[in-house]
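>>> Next come a sequence and a model predicted from it.
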Amino acid sequence: MSRLVVVSNRVAMPHAHRAGGLAVAMRAALKESGGLWFGWSGKRVHGDSGELHKLDDGNTSYCTMDLSFEDFDHYYNGFANRTLWPLLHFRLDLVDYRRDTHEGYRRVNALFAEKLASQLREDDIVWVHDYHLIPLAQRLRDLGVGNRIGFFLHVPMPSSDLLAALPNHEVLFGSLAAYDLIGFQTERDLDRFQSYVRLYGGGRAFADGRMRAADGREFRAGAFPISIDADLIARQASAAVTRASVQRLRESLGSRVLAIGVDRLDYSKGLPDRFRAFERFLDRFPEIHGQMTYLQLAPVSRSEVPEYQALRRELEGLAGHINGRHAAPDWTPVRYVNRDFSHGVLTGFYRLAQLGLVTPLRDGMNLVAKEFVASQDPQSPGVLVLSRFAGAAAEMKEALLVNPYDLDGVADAIAHAHAMPMEERKERWHALHRRLRRHDITLWRRKFLEALEA
Ligand SMILES: O=P(O)(O)OC[C@H]1O[C@H](O[C@H]2O[C@H](CO)[C@@H](O)[C@H](O)[C@H]2O)[C@H](O)[C@@H](O)[C@@H]1O
Ligand SMILES: O=c1ccn([C@@H]2O[C@H](COP(=O)(O)OP(=O)(O)O)[C@@H](O)[C@H]2O)c(=O)[nH]1
């Protein structure tokens, strides 16, 4: 049997925990098959990039690479997170394109390719993840690597006219043709990529998923919605009720209903709009004052990127403003926490909540939406309020789907969820949960790898 080699910028080392869906999902996916996980070590060094570190843990080996401060700054803080991230999340207004960071991105991809190539065996199946590493297959092919190589994009694929705003877009996105298979989160993402290849790439897309680039190279593309280990999350959630931190949260709520949001502190997650929608809810439904607490967990993310720093300041202001206007001596409507929690605790928090607020402006998938559903108590399940613009919405029609830009609409959905009869809560939850158990992380991994090996 071939060995699976997963390549991603972020690697979840054994026993470490950190917010971020890619690392959470790949850890769950590698658990079954084992293999090699190759990526950035999480370390920045003063010398040159490229030192490798190796670790074996059970059926998985880890090989990670240090980056110099300058490379990290250009590749991760710069081109990946100030150019590609906003572009792929439909935010042309935030795109900051610079030749030097683009060059750094290319340099780090070339180094990843060189170091990875030295670790590869002939029959390895290579699976590359996300926007940090788009040109990696092209660089590997340049080095003579003939292995099967697949790519999965965890973030949205925007409309082709947006992609075309990136200088030299045809070189970057054209390099995707060096992969054998490209996976997207949803059919909509796949459609938009196919349009791009037709309209701007001079290529063709066929109905059976095959695609042909302008130079004649054939590859395939498909939709493979990522998921979670639903049964494990459910077990963690029911075990979590005895944890001290979960009990403390329950006691602090008294008889109040808990609404929960869990998001990296990222502008794609729509947190300012969510805070404003919650304020609109408080303005329009004064009769529930004192009956609901909104807990927003927002671990700090990409904190050296200026747009993320500005968002943090904005949210601090908004939380203070809402509490200043609405709080009472014995009630704080918004609890805003910039800490990172382990799944052991988080799943217990989800289970305590009657409402899950997941309202990104754009999101590749959003695993929190799925984890919230998997964590619920079947006897008294909470209600998920979910943005139409999260990839998860395509599979979660029984949630209360909202437009996150429509503050009154979100306020209505919060009121609807608060008042929803238990029977309806159960019906919606059962439908969501059944689908989640069928389409779990194992199915996602199998479907992608079967397609790659086919
Ligand atoms: O690695 P970071 O810069 O700390 O960021 C964390 C991850 O954020 C993004 O996650 C995406 O993947 C999830 C799983 O497929 C998906 O549900 C979510 O919608 C995406 O935003 C990013 O794409 C990852 O590369 C990061 O590791
Ligand atoms: O304090 C936290 C907050 C989030 N997460 C996890 O981070 C992931 C976030 O993934 P999602 O797909 O929702 O969004 P991303 O952050 O990848 O854009 C989920 O598994 C969360 O459970 C976590 O472990 N601790």
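Perfect, I can see it now. Ligands and ions are numbered 1, 2, ... in the order given.
>>> For residue 336, give me the backbone phi and psi.
Dihedral pair for residue 336: phi -120, psi 120, per degrees, to the nearest 10.
>>> try residue 53
According to degrees, to the nearest 10, residue 53 has phi -130, psi 140.
>>> and it, what pLDDT?
Listed pLDDT for residue 53 reads 97.
>>> Now do the same contact list for it.
41, 62-66 (Cβ atoms under 8 Å, 6 or more residues apart in numbering). Every residue, glycine included, has its C-beta placed from N, CA and C.
>>> Which member of the residues you listed is positioned nearest residue 370?
Nearest to residue 370 among those: residue 62, at 25.8 Å, using Cβ to Cβ.
>>> can you redo the contacts of residue 53 as JSON lines with neighbour count, distance to ligand 1 and secondary structure?
Converted to JSON lines, the contacts of residue 53 look like this (neighbours: other Cβ atoms under 10 Å; distance: Cβ to the nearest ligand atom, whole Å; DSSP: H, G, I helix; E, B strand; the rest coil):
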{"residue": "41", "neighbour count": "17", "distance to ligand 1": "13", "secondary structure": "strand"}
{"residue": "62", "neighbour count": "20", "distance to ligand 1": "16", "secondary structure": "strand"}
{"residue": "63", "neighbour count": "20", "distance to ligand 1": "18", "secondary structure": "strand"}
{"residue": "64", "neighbour count": "19", "distance to ligand 1": "14", "secondary structure": "strand"}
{"residue": "65", "neighbour count": "20", "distance to ligand 1": "15", "secondary structure": "strand"}
{"residue": "66", "neighbour count": "19", "distance to ligand 1": "16", "secondary structure": "strand"}
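>>> Switch the residues you listed over to a markdown table; also include pLDDT and distance to ligand 2.
Converted to a markdown table, these look like this (pLDDT from 0 to 100; distance: Cβ to the nearest ligand atom, whole Å):
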| residue | pLDDT | distance to ligand 2 |
| --- | --- | --- |
| 41 | 97 | 20 |
| 62 | 97 | 19 |
| 63 | 98 | 23 |
| 64 | 98 | 19 |
| 65 | 98 | 22 |
| 66 | 98 | 23 |
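>>> Kindly report the residues of the stretch 301-450 of the chain close to ligand 1.
301-302, 363-367 (Cβ under 6 Å from any ligand atom).
>>> Closest residue of the protein to ligand 2?
residue 21 (2.6 Å; Cβ to the nearest ligand atom).
>>> my read: that residue touches residue 370, true?
No. Using Cβ atoms under 8 Å as the test, residue 21 is too far from residue 370 to be in contact (9.6 Å).
>>> the more surrounded of the two?
residue 370 (29 against 20; other Cβ atoms under 10 Å).
>>> hang on, that one is in a helix, isn't it?
Yes. Remark: residue 370 belongs to a helix, assigned using DSSP: H, G, I helix; E, B strand; the rest coil.
>>> so it makes contact with residue 436?
Yes. Using Cβ under 8 Å, residue 370 is in contact with residue 436, at 5.9 Å.
>>> so what's in contact with the two at the same time?
227-228, 230.
>>> and which of those residues is nearest residue 293?
Nearest to residue 293 among those, with distances taken as Cβ to Cβ, is residue 228, at 25.8 Å.
>>> contacting residues for the nearest residue in space to the closest one that is not next to it in sequence?
The shortest distance from residue 228 to any non-neighbouring residue, by Cβ to Cβ, 6 or more residues apart in numbering, is to residue 370 (4.8 Å). Counting by Cβ under 8 Å, 6+ apart, residue 370 touches 227-228, 230, 392, 396, 436.
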